[in-house]
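>>> kindly return the folded structure for what I paste below:
(2 chains)
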2 protein chains.
Amino acid sequence: MGAPCCMSKFATLSNIRSRPFSSILPSHPFPSTTAINFSLASSFSSSATFSFTWDDVICVSESQTDTQDRSRYLQGFFNKVQLCNRASEKQSEFLPFVVEDHIVGFIHNGFVKHLRGFGDVFVFPKDKYNGGPNGDFVSLHPILKTAEERTRAVGYVVENLGEERIPGIRNELYPVTSSFGAPIFFSLERAAAPYFGIKAYGVHMNGYVEADGQKHLWVGKRSDTKQTYPGMLDHLVAGGLPHGIDCKENLIKECEEEAGIPRSISVKAIPVGAVSYMDIDEYRYKRDVLFCYDLKLPKDFIPNNEDGEVDSFKLIPIRQVAEVIRKTEFFKTNCSLVIIDFLFRHGYITPEYHGYLDLLRSLRIGEYS
Amino acid sequence: MGAPCCMSKFATLSNIRSRPFSSILPSHPFPSTTAINFSLASSFSSSATFSFTWDDVICVSESQTDTQDRSRYLQGFFNKVQLCNRASEKQSEFLPFVVEDHIVGFIHNGFVKHLRGFGDVFVFPKDKYNGGPNGDFVSLHPILKTAEERTRAVGYVVENLGEERIPGIRNELYPVTSSFGAPIFFSLERAAAPYFGIKAYGVHMNGYVEADGQKHLWVGKRSDTKQTYPGMLDHLVAGGLPHGIDCKENLIKECEEEAGIPRSISVKAIPVGAVSYMDIDEYRYKRDVLFCYDLKLPKDFIPNNEDGEVDSFKLIPIRQVAEVIRKTEFFKTNCSLVIIDFLFRHGYITPEYHGYLDLLRSLRIGEYS
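Numbers count the residues shown, from 1 in each chain, chains lettered A, B, ... in the order given. This next block holds a predicted model:
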């Protein structure tokens, strides 16, 4: 078949990313393959080195694919999962961050240097309080006993390090815990979470419509002025889980703000599981768990963004969304995991495709707890 | 609340199994907890030391539960997952079984002794061909080069060991591979699979009906004369994946044989993912992966078993099925995993319950590849 114009426009990107399938399908695919250099993807995702339009999206989504090629069809999905799970071999460059004898995060050796000026907040290896037979770690100064004291003290550090060290400060607090639902040791600025390698939780919702026996997914395009992933494709509704609100209530709130979905509809969203990933990018260590929701929307529903973070929405047949994921990096990286999970649960990816179990496993590479 | 009569009838079983929730929810729940002795469950499952009727099932299913107790509600599910994942600490009692440099299984030291009489079929540690810097293992004699030769030779051994060593011979062959979809090294009698610790794959189907806005699951009760798990509750359709047939075709075949579901309906079954477990019971090491399917059936459909393996079927509201799983061991153990997965995907288990992520993770404890 001839490649349509939109495909050649993005061909360079696709070709660079294309790797032999055999390298992606060992029994445990990721320990070896995440070593591959994804710097291009990284710069693309975070700073929008090129932009695309809805026309580009639709063009790619309609380009032909041999879904009968069972041995290679899943490769494009694997590549997108890998974009969320980079550089696991660099875990050794991070020190555990321990609070009350629990590992709550991981901090890069290089970032630890920036923290050394704050000896009344952190305790470091070789300090009198830390280190020992179990190895080195960073912890909070024992003088900080309550969650409030810790939140204030670490907040002070984050503020002092400033945009240069921790870009994108949002003034939004994330809870610091050892696992979901466990006691909260303190709260931390959202933008700082990956620098301390703390676990972050989010909610992502597949908003879909059933028409003519086919499922169609509502897809958002992020505002070009958004700080992170500007102009990229996104879920209809997704957001981080801040301190003090449960998943369902957070989702209902985000439904209202991000897509104008009234509570009377959003309460029908169904929790369907979770995906997880573990991504290392220089000093940042993301350990994210995304709670996934499906919401079947009325056919006549039209989303309406109320917080200015979304440029526009489009309803796209799910098989075409699958093609966009396989063939491009238009989607914000972690959305791919949630949509691939949707494709599994709704029968669009079947056991007859080579790599079925490996791909399914790869959706939960990160520790999910 | 007062316990209804059916609950007191099975109370002993429930109480013995009840353990503090805290012991089930460490970050990685199973390494420590599978050490608990499940011999009662084991003898119960395989030899039906007590029997129950549909009246018992319905009575338990309708007994009240405080679903608002978010901290403890999931415990009954955890216990059922553990019944499929016993004795992981005994892995060290097994030797890898290697074919063509791939680990295809694990054989217990005690069972290896029974194989030592067959030196023209197996090669053992300390034999001239085996052992070395990477540790000991059992392999096939290098004279056996083709799949046919290996199948015949190992089949001869299984036949000679007889019912005493390998009970329940079915004359049904399972493929021996290193992972799903990988080349098949030879085929092995189904009943012998756990004695060689080879991976076994199966298909399990949740056949459900939607009525009055509620989902209802068709549940089968196995014949009292069935060799394995007699009289226990089962999926509407489930079966092992034998050599030479893909998942979908196998499911369609089983739909016809086990529940009289015509192909025109069964082709609509949706593959929705997979669960896995890893169970050690004396010489047997089960490493199973179950491909899960959902089939929404017409309201007026009545299943009809055609192979005599099912005693009867009943359509039960899914919330009541959940109670049966939580409170009893009426279900064939591995069905619980697939039904708990259904409860996750259809929103009956929500992130607000304590242990959500741990339970989700526990459904795929076994290596799924």
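>>> mind listing what the nearest residue in space to A:Pro317 that is not next to it in sequence touches?
Spatial nearest neighbour of A:Pro317, excluding adjacent residues (C-beta to C-beta, 6 or more residues apart in numbering or on different chains): A:His216 at 5.2 Å. All C-beta atoms are positioned from the backbone trio N, CA, C, and that covers glycine. When contacts are counted by C-beta atoms under 8 Å, 6 or more residues apart in numbering or on different chains, A:His216 touches A:208-210, A:315-318.
>>> now render those residues as CSV, adding pLDDT.
What follows is the contacts of A:His216, written out as CSV (pLDDT from 0 to 100):
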residue, pLDDT
A:Tyr208, 98
A:Val209, 98
A:Glu210, 97
A:Leu315, 97
A:Ile316, 97
A:Pro317, 97
A:Ile318, 97
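>>> which of these fall in strands?
Judged by DSSP state E, these include A:208-210, A:315-317 as members of strands.
>>> my guess is A:Leu233 contacts A:Thr333. True?
No - counting by C-beta atoms under 8 Å, A:Leu233 does not reach A:Thr333; the two are 10.6 Å apart.
>>> sorry, back to before: of all the ones in strands among the contacts of A:His216, which comes closest to A:Val289?
The shortest approach to A:Val289 among the ones in strands among the contacts of A:His216 belongs to A:Tyr208, at 22.2 Å (C-beta to C-beta).
>>> so the closest one versus A:His235, what's the distance?
To A:His235, A:Tyr208 is 11 Å away according to C-beta to C-beta, to the nearest Å.
>>> the two: which has the busier surroundings?
Neighbour tally, A:Tyr208 and A:His235, criterion other C-beta atoms under 10 Å in any protein chain shown: the higher count belongs to A:His235, 28 against 21.
>>> okay, that one: pLDDT?
A:His235 carries a pLDDT value of 97.
>>> could you dump stretch A:333-350 to PDB, C-alpha only?
Presented in PDB, the C-alpha positions along stretch A:333-350 are these (Å, rounded to 0.1, in the frame of the first residue of the first chain):
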ATOM      1  CA  THR A 333       2.700   8.700  27.100                       C
ATOM      2  CA  ASN A 334       0.800   7.300  30.100                       C
ATOM      3  CA  CYS A 335      -2.600   7.500  28.200                       C
ATOM      4  CA  SER A 336      -1.300   4.700  25.900                       C
ATOM      5  CA  LEU A 337      -1.200   2.300  28.800                       C
ATOM      6  CA  VAL A 338      -4.800   3.000  29.900                       C
ATOM      7  CA  ILE A 339      -6.100   2.700  26.300                       C
ATOM      8  CA  ILE A 340      -4.100  -0.500  25.700                       C
ATOM      9  CA  ASP A 341      -5.700  -1.800  28.800                       C
ATOM     10  CA  PHE A 342      -9.100  -0.800  27.400                       C
ATOM     11  CA  LEU A 343      -8.300  -2.600  24.200                       C
ATOM     12  CA  PHE A 344      -7.500  -5.800  26.200                       C
ATOM     13  CA  ARG A 345     -10.700  -5.600  28.300                       C
ATOM     14  CA  HIS A 346     -13.000  -4.900  25.400                       C
ATOM     15  CA  GLY A 347     -11.500  -7.700  23.200                       C
ATOM     16  CA  TYR A 348      -9.700  -5.600  20.600                       C
ATOM     17  CA  ILE A 349      -6.400  -7.300  21.400                       C
ATOM     18  CA  THR A 350      -6.800 -11.100  21.400                       C
END
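>>> tell me if it is near chain B.
Yes - using C-beta under 8 Å from any C-beta of the partner chain, stretch A:333-350 reaches chain B at A:344-347, A:349-350.
>>> what's the first helix or strand after the lengthiest helix in chain A?
Ranked by residue count, the top helix of chain A under DSSP state H comes out as helix A:147-165. Next in sequence after helix A:147-165, counting helices and strands by DSSP states H and E, comes strand A:173-176.
>>> what lines up beside the helix or strand just after that following strand in the sheet?
For strand A:173-176, the following helix or strand on the C-terminal side (DSSP H and E) is strand A:186-189. Strands that pair with strand A:186-189, judged by DSSP bridges, come out as strand A:173-176 (antiparallel).
>>> that older thread, filter the contacts of A:His216 down to the buried ones.
Neighbour counting with 16 or more other C-beta atoms under 10 Å in any protein chain shown marks A:208-209, A:315-318 as buried within those.
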